[in-house]
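# structure of the sequence below:
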Amino acid sequence: MALDWSKLAPQMPAGRDGLPYVPRPGRGAERLAAWIMAGANPIAIVGAMGSGKSSESVAAAVQLRDRASMAAGALDHVDVPGALNPDGVQLVLAGALANFMVTKGHVLSGELQQQGVNLGWGKELGAGEMKPLPTKLPPADVLRSALREAKKAFPERQVIALCDGLGKLPADKARDIVDALLPFRSDATLVLVLPLSLVTGPASYDVVSTFKLFAVRPVPVAADMPSFRDGRAFLRTMALVRLGLDPALPQTLDPALDRAAEASGGVPRAFLQLVQDAGMYATLAGREIPDDTDVQDAMADHAASLRRLLDKGDVAALREADGTDGLEVEAARKLRFFAHGLLLEYDAGEGTIVRPSPLLRGVLAQGKAA
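Here you go, the predicted model:
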């Protein structure tokens, strides 16, 4: 039976559309849930694109749904024009919380219903459509009413407002939404997935000093990193589960997965994309399982894409940063490196270490030779 490589769905976080969640090394979702229940507020989930921020936040929400009143908005999946602004986000979160209360058996107050929050507004945990209905009251008042009603209806539950999707916004638009939500931290624990642009560089001081930062980083996959086997096993399991294969058994796909894991630098989305592309090349060649040539072709494509993102001085900066804590990289350049996966940051004991993407080894070696 031919494998369906589209099931890898690199752009789709685990926990949505039936995609299974695989716990990563370090149990990210469990740690995030523990932070929330311990009273950390507000929390900013940060990390490079494709590192797993959405997957960990969704998994944490699932773990907490029996202990907390949850307003979870997956804003990058809201099919409402203009929803990604302060008013739209407040209405989406209010609707998600109202729906959560209803699913737990609460009958919404007449006041809340009159404000346009009803069963048609959202679905539990932010999955599916969340359409804000017209309301004559300011959106902030609608959200405030929903938060206070949740506290009254379920006094034993912590109220959590989890907002995913801000990481894809420009810094100024994300900051406007953050400013609109911060006044509600006395009514709910705020958990926001924020863009790196809000937490990187000197201008980020007020955000960094206000939020507890929960970093979701690539998993270790290089052979000289501690626990690299755990990182590779996590990625392997994720791919096999999505493909419908048994991760407990040896698979003919394993060599390709291991090669793609190392090439991805431990970024889950990059890994899945490499495997999917290698599968495409194998299909074109009439093979069911990718071989090393197929993986190499996929790597070459991705390396070419990364090279197109390089600017003057980037090669030297990447070589200089390799293996350091990255603090000496100029802030704007570092932000661009992280955002595009040119430079990857890993946990290293009590600090961090940065390394260029493994896909850039060829160009970095050329730059050093020159």
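# what residues of the worst-scoring helix or strand of the chain on mean pLDDT count as buried?
Sorting the helices and strands of the chain by mean pLDDT, DSSP states H and E puts helix 110-114 at the bottom, at a mean of 71. Buried residues in helix 110-114, counted by 16 or more other CB atoms under 10 Å: residue 112. C-beta coordinates here come from the backbone N, C-alpha and C atoms, glycine included.
# and the strands in the stretch 1-150 of the chain?
Remark: strands of the stretch 1-150 of the chain, listed N- to C-terminal, are 43-46, 68-74; assignment by DSSP state E, counting those that start in this stretch.
# mind checking which of those strands is nearest residue 336?
Closest to residue 336 of these is strand 43-46 (CB to CB; 15.5 Å).
# dump the closest one to CSV, restricted to CA.
Extracted in CSV, the C-alpha atoms of strand 43-46 (Å, rounded to 0.1, in the frame of the first residue of the first chain):
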residue,chain,number,x,y,z
ILE,A,43,2.8,33.8,29.7
ALA,A,44,4.3,34.4,26.3
ILE,A,45,5.0,31.2,24.2
VAL,A,46,7.8,32.1,21.9
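# ranking the strands of the stretch 1-150 of the chain by burial, who's on top?
strand 68-74 (a mean of 28; mean count of other CB atoms under 10 Å).
# direction included, what does that one pair against?
Next to strand 68-74 in the sheet, as set by DSSP bridges, lie strand 158-164 (parallel).
# right, and the helix or strand after the partner strand?
Counting by DSSP states H and E, the next helix or strand C-terminal to strand 158-164 is helix 171-181.
# next SSE downstream of that following helix?
With elements assigned by DSSP H and E, the helix or strand that comes after helix 171-181 is strand 189-193.
# so where is the stretch 51-200 of the chain shaky, pLDDT-wise?
The model of the stretch 51-200 of the chain has pLDDT under 70 over residues 74-83, 114-136.
# same thing but at 50, please
The stretch 51-200 of the chain contains residues with pLDDT under 50 at 78-79, 117-133.
# tell me which residue lies nearest the centroid of this structure.
residue 53 (2.1 Å; CA atoms, centre = their mean).
# mind listing what that one touches?
Contact analysis of residue 53 by CB atoms under 8 Å, 6 or more residues apart in numbering lists 45, 46, 47, 164, 167, 193, 216.
# show the contacting residues for the fifth one.
Contacts were defined as CB under 8 Å, 6+ apart; by that measure residue 167 touches 46, 49, 53, 174, 193, 194, 195, 196.
# apply 10 Å and report the result again.
Neighbouring residues of residue 167 by CB atoms under 10 Å, 6 or more residues apart in numbering: 44-49, 51, 53-54, 75-76, 174, 192-198, 339.
# same question for the third one.
Residues near residue 47 by CB under 10 Å, 6+ apart: 28, 53-54, 56, 167, 193-194, 196, 213-218, 267, 338, 345.
# and the gap between it and residue 269?
11 Å (CB to CB, to the nearest Å).
# can you check the second one too?
To residue 269, residue 46 is 16 Å away according to CB to CB.
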